[in-house]
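Undergrad: fold the following, please.
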Amino acid sequence: MSDSDPYLWLEDVTGEDALTWVREHNQPTLDRLTTGTRFSELQSAALEVFDTDDRIAYVRRRGEHLYNYWRDATNPRGLWRRTTLEQYRTDSPEWDVLIDLDAVAAAEDENWVWKSALVLRPAHDRALILLSRGGADASIVREFDLVSRTWIDAADSGFALPENKSDIDWIDRDTVYVGTDFGTHSDGKSALTNSGYPRVVKRWTRGTPLESAVTVFAGSVEDVAVQAMYDDTPGFERHFVVRSTDFFNQEFYLLGDSDTPTLIDVPTDAHTSVHRQWLLVFTRSPWELNENQAYPTGTLLVFDHDAYLTGNRDAEVLFTPDDHTSLQNFSFTSDHLVLVTLRDVQTEVRLLSLSDWSVSELAGLPELATISVLDTDPDHSDELFLSASSFTTPPSLLHGTSTGGVAPIKQSPALFDTNNVTASQFFSTSDDGTQIPYFVVKRDDVDSGPTLLYGYGGFENSMTPSYGAVSGRSWVERGGIYVIANIRGGGEYGPTWHTQAQLAGRHLVYEDFASVAKDLIARGLTTSEQLAAQGGSNGGLLMGVMLTSYPELFGALVCQVPLLDMKRYHLLLAGASWVAEYGDPDDPQQWEFISKYSPYQLLRKDADYPKLLMTTSTRDDRVHPGHARKFVARMEELGHSVSYYENIEGGHGGAADNKQAAFKSALAYEFLWESIGPH
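TA: Next up is the predicted model:
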């Protein structure tokens with residue numbers, strides 16, 4: 001493809017010509033895929049999963065109450081509500097509804113989608129509510145009084161921000177840190193980074209105009225983002241600033257008196273946090289503190305925070321990885337540090353005592369389950385909320401303490417028949433000899449047939465076993481084979497599983513995924529004609545590469561909210577924030593390796609491509625819908641047919657409510673059954 005791009009006009013997100021093109025491409029897809037009985041069955045089955053009242057209402061503790069955001073058929077936009085632990089333990093808790101977003105949206109004639117709520121501590125009487133239009137990343141901010149159940153308007157000195165990719169955090173009842181589009185900063189440059197996030201953070205006092213807020217820190221427009229936060233831990237109250245210089249590197253500052261920042265001298269690529277008197281550092285590359293202190297990638301270290309700032313480097317090693325085991329995340333209770341690790345993509349949990357860092361086991365955990373820490377209350381108790389699930393076991397909510405153990409208090413219903421369904425782990429061999437784990441989920445009476453391979457492979461995101469009620473109903477229960485690939489780019493084996501696939505190593509992601517596809521065929525589980533793959537966002541880029549570089553392996557591909565034009569990705573919406581992952585296409589040396597896989601530029605007229613369903617969202621303000629639009633236009637120019645659907649709402653997730661999510665799911669599975677299913 002030449003340097004000139006004839007389809008730049010499709011990057012005009014809401015332009016009349018572009019939207020006309022979208023509608024003209026949507027309709028044939030809808031006419032072909034949504035009119036049959038099977039589509040209706042798939043949609044109804046998915047919607048029942050999303051809307052069922054029997055699913056777990058996951059909660060987060062804020063003071064004496066447990067808060068939950070709930071969407072169902074009656075409340076498609078959702079209810080923000082709360083209850084007590086005593087009530088929550090019952091089969092039918094009494095919920096106190098704080099905000100009915102359906103009512104708010106109707107009264108204001110806006111397509112509001114819930115984003116989050118920041119509740120003021122310790123009073124828990126005010127909240128900053130973030131709402132987006134149609135599910136976009138950009139949101140408005142409003143203040144809500146939890147006592148009177150009313151919005152506090154800006155005219156009444158309430159904190160309020162217009163639609164933007166803002167960042168806001170409570171300091172106290174009358175003060176917040178805020179980063180937003182302040183326009184032109186005093187240095188003459190935009191207050192936003194090139195990625196569209198705040199680079200300037202200010203302290204804003206109630207009752208004063210936003211324009212008078214006091215600047216506490218300003219980064220560079222080349223940064224990804226800057227944010228300030230207040231640590232209100234009793235006895236350890238502190239202010240911090242985090243400057244993200246790229247997606248994986250950040251500078252961590254302690255903000256002192258007179259807003260003087262003190263850089264905490266740790267590796268910029270490390271995950272750094274402070275809790276009480278401790279500074280925790282999780283290394284993402286080898287760290288040589290001195291000739292006597294060297295720590296491998298994936299090590300968790302703890303230091304005395306105040307002593308570290310004065311030059312003391314005495315460290316306690318809390319976790320050291322090995323070839324099979326990596327640390328995924330950690331959380332504090334009042335008396336323990338909870339470590340969640342993966343051993344060959346299987347979850348393990350261990351407890352470390354805060355008094356002496358001794359190791360113990362958490363009682364009450366189910367075997368062979370993926371465990372996630374959902375919530376803790378470290379300032380007040382050892383309370384734990386955990387989720388446990390597997391490919392064939394519906395999620396359960398575990399509650400208890402790190403000292404006394406946990407037990408199930410909520411259980412999701414079995415939403416598809418798993419009595420004769422088995423999940424197995426296999427390993428393929430990638431081009432460089434690396435063993436790549438993957439999971440196969442199928443009915444026991446199915447030896448081979450239509451197979452759906454799912455992957456992501458980026459940003460250190462791990463693909464762990466979990467209960468897929470929609471994929472179970474729509475695919476496995478109907479006789480399909482479902483596969484999850486744990487390819488490099490993720491974090492299944494620690495940071496190096498990701499870092500080796502950044503930048504010039506990006507080809508490893510695609511070689512790994514192709515190796516899984518080849519292994520599935522070699523094992524006789526499927527054929528290339530009956531093998532499909534699916535992925536979204538970074539996984540959508542993966543699908544684009546499979547189409548252009550490995551078309552012979554697949555019969556069909558589902559490519560969702562994708563990056564595809566890697567020559568221009570850094571110029572579109574949040575794309576500049578991902579240069580640390582993919583590289584800078586304006587740098588000739590980096591474009592050299594990017595160009596070898598960039599799908600948009602590699603489309604060919606003479607290729608025999610698998611069938612393709614391309615989906616995106618007009619309201620996606622993270623990955624530009626122009627990627628999908630231009631790719632489809634180019635394919636059609638070259639004589640290839642594509643099924644295309646663009647949701648006018650939905651944000652980066654592609655769906656603004658449960659009904660849209662069910663529709664999007666049914667569209668993909670109908671396409672897959674039509675493309676690679678039995679005929």
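
Undergrad: got a list of contacts for stretch 368-384?
TA: Residues outside stretch 368-384 that contact it (C-beta atoms under 8 Å, 6 or more residues apart in numbering) are 58-61, 233-234, 275, 329, 331-336, 338, 340, 346-347, 349, 362, 365, 385-390, 393, 397-404, 406, 464-466. Every C-beta, even on glycine, is put in place using the N, C-alpha and C of the backbone.

Undergrad: can you select the buried ones from those residues in PyMOL?
TA: To isolate the buried members of these in PyMOL, using 16 or more other C-beta atoms under 10 Å:
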select buried, resi 58+59+60+61+275+331+332+333+334+336+338+340+346+347+349+362+365+385+386+387+388+389+390+393+397+398+399+400+401+402+403+406+464+465+466
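
Undergrad: nearest residue to Ala574 in space, please, no chain neighbours.
TA: Among residues not flanking Ala574 along the chain, Arg622 sits closest, at 4.9 Å (C-beta to C-beta, 6 or more residues apart in numbering).

Undergrad: thought the one you found was touching Leu573?
TA: Yes: contact status for Arg622 versus Leu573: in contact at 6.1 Å, counting by C-beta atoms under 8 Å.

Undergrad: phi first, then psi, for Pro378.
TA: Dihedral pair for Pro378: phi -60, psi -20, per degrees, to the nearest 10.

Undergrad: swap in Tyr510?
TA: Dihedral angles (degrees, to the nearest 10) for Tyr510: phi -80, psi -40.

Undergrad: excluding its backbone neighbours, what's nearest it?
TA: Val545 (4.8 Å).

Undergrad: what is the burial count for that neighbour?
TA: 25 (other C-beta atoms under 10 Å).

Undergrad: check the one 3 residues further on too.
TA: Thr548 is surrounded by 20 other residues when neighbours are defined as other C-beta under 10 Å.

Undergrad: so who does it touch?
TA: Thr548 neighbours (C-beta under 8 Å, 6+ apart): Tyr597, Pro599, Leu602, Leu603, Arg604, Ala607.

Undergrad: assumed it was part of a helix.
TA: Yes: the assignment for Thr548 is a helix, going by DSSP: H, G, I helix; E, B strand; the rest coil.

Undergrad: distance of it from Asn461?
TA: From Thr548 over to Asn461 the distance is 23 Å, taken as C-beta to C-beta, to the nearest Å.

Undergrad: also Gly491?
TA: 6 Å.

Undergrad: state the helix or strand in which the residue nearest to Tyr510 lies.
TA: helix 538-549 (DSSP states H and E).

Undergrad: secondary structure class for the residue lying closest to Glu348 once chain neighbours are set aside?
TA: Leaving aside its chain neighbours, Glu348 sits nearest to Thr341 (4.8 Å; criterion: C-beta to C-beta, 6+ apart). For Thr341, the assignment made with three-state DSSP gives strand.

Undergrad: what's the span of stretch 75-82, first residue to last?
TA: End-to-end distance of stretch 75-82: 16 Å, with C-alpha to C-alpha, to the nearest Å as the criterion.

Undergrad: which residues does it contact?
TA: With C-beta under 8 Å, 6+ apart, stretch 75-82 has contacts from 62, 65-71, 95-102, 105, 112-114, 117, 129, 657-659.

Undergrad: go again using 7 Å as the cut-off
TA: Residues outside stretch 75-82 that contact it (C-beta atoms under 7 Å, 6 or more residues apart in numbering) are 65-71, 95-102, 105, 112, 114, 117, 657-659.

Undergrad: and for stretch 262-269?
TA: 245, 248-254, 256, 272, 281, 283-285, 287, 309.

Undergrad: how about a cut-off of 8 Å?
TA: 245, 248-256, 272, 279, 281, 283-285, 287, 308-309.

Undergrad: now the buried members of these.
TA: 245, 248-255, 272, 279, 281, 283-285, 287, 308.

Undergrad: now go through those and say which are in helices.
TA: Tyr308 (DSSP state H).

Undergrad: quick one: which of the buried ones among the contacts of stretch 262-269 sit in strands?
TA: Thr245, Asn249, Gln250, Glu251, Phe252, Tyr253, Leu254, Leu255, Thr272, Leu279, Val281, Trp287 (DSSP state E).

Undergrad: which strand residues bridge the last one?
TA: Meaning Trp287. Going by DSSP bridges, Trp287 is paired in beta bridges with Tyr295.

Undergrad: so it sits right up against Gly298, yeah?
TA: No: if you go by C-beta under 8 Å, Trp287 and Gly298 don't touch, sitting 10.7 Å apart.

Undergrad: closest to the centroid, which residue in the protein?
TA: Closest residue to the average C-alpha location of the chain: Asn461 at 8.0 Å, with C-alpha atoms, centre = their mean.

Undergrad: what distance do you get for it to Ile487?
TA: 11 Å.

Undergrad: distance-wise, check Lys567 relative to Thr618.
TA: For Lys567, the distance to Thr618 - C-beta to C-beta - is 22 Å.

Undergrad: ugh, typo on my part, it should be Gly179
TA: For Gly179, the distance to Thr618 - C-beta to C-beta - is 26 Å.

Undergrad: neighbour count for those two, which is higher?
TA: Under the neighbour definition other C-beta under 10 Å, Gly179 and Thr618 were set side by side, and Gly179 has more, 26 against 20.

Undergrad: if I pick that one, what's in contact with it?
TA: Contacts of Gly179 (C-beta under 8 Å, 6+ apart): 166-168, 197-202, 225-228.

Undergrad: who wins for neighbours among those residues?
TA: Neighbour-wise, these (other C-beta under 10 Å) top out at Val201, 30 neighbours.

Undergrad: so what's that residue bridging to?
TA: Residues in beta-bridge contact with Val201 (DSSP bridges): Phe217.

Undergrad: my read: it touches Phe182, true?
TA: No: contact criterion C-beta under 8 Å: Val201 and Phe182 do not qualify, at 9.9 Å.

Undergrad: how about the helices in the stretch 101-250 of the chain?
TA: In the stretch 101-250 of the chain, the helices defined using DSSP state H, counting those that start in this stretch lie at 101-108.

Undergrad: pLDDT wise, what is the nearest residue to His305 once chain neighbours are set aside at?
TA: Nearest residue to His305, sequence neighbours excluded (C-beta to C-beta, 6+ apart): Leu279, at 4.2 Å. Leu279 is assigned a pLDDT of 98 by the prediction.

Undergrad: tell me what Leu279 is bridged to.
TA: Val274, Phe303.

Undergrad: please pull out the lowest mean pLDDT helix or strand from this structure.
TA: strand 287-290 (a mean of 92; mean pLDDT, DSSP states H and E).

Undergrad: which other helices and strands contact that strand?
TA: Packing partners of strand 287-290 (3 or more C-beta pairs under 8 Å, 6 or more residues apart in numbering; DSSP states H and E): strand 293-295.

Undergrad: beta partners for Ser190?
TA: Here Ser190, judged by DSSP bridges, has bridge partners Thr184.
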